[in-house]
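K.L.:
Fold the following, please.
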Amino acid sequence: VQLQASGGGLVQPGGSLRLSCASSGFTLDYYAIGWFRQAPGKEREGVSCISSSGGTTYYADSVKGRFTISRDYAKNTVYLQMNSLKPEDTAVYYCAARSHPCSYGPDEYDYWGQGTQVTVSS
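P.N.:
Numbers count the residues shown, from 1 in each chain. Model prediction:
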């Protein structure tokens, strides 16, 4: 099982990026998908999660109102739309899957993508 996170890059403060989490040969339909981030010298933290049904979403307080998580079952992809980006959003972003309801605990996820770098800087 492999997840591929993509869409990171360099963006100015206030800008937007859309991250994608996809899997080939493995359906994400039955998994809750979480997005995590890890900045240099800091622990990995949960950013957002979407349930397998897509009906429930969670956001860390630091991103609430700015980030939106969604999933496209036809494309077998989960997205994280990030708006109004701030320098403190700079980190490597990872997606992960777990076959249980959403959790912010990284240790509770079964599969991980490789990470994509997001840098917010002027």
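
K.L.:
Give the burial count for Gly25, as a bare number.
P.N.:
Look at Gly25: counted by other C-beta atoms under 10 Å, it has 7 neighbours. Where C-beta positions appear, they are placed from N, C-alpha and C, glycine not excepted.

K.L.:
List the contacts of it.
P.N.:
By C-beta atoms under 8 Å, 6 or more residues apart in numbering, the contact list for Gly25 reads Gln2.

K.L.:
The residue nearest to Gln117 when sequence neighbours are not counted and Gly65, how far apart?
P.N.:
Ranked by C-beta to C-beta, 6 or more residues apart in numbering and with sequence neighbours excluded, the top spatial neighbour of Gln117 is Gly8, at 4.8 Å. For Gly8, the distance to Gly65 equals 21 Å [C-beta to C-beta, to the nearest Å].

K.L.:
Between these two, point out the one with more neighbours.
P.N.:
Counted by other C-beta under 10 Å, Gly8 and Gly65 do not tie: Gly8 has more neighbours, with 19 against 9.

K.L.:
And the residue nearest the centre of the protein?
P.N.:
Trp35 (2.6 Å; C-alpha atoms, centre = their mean).
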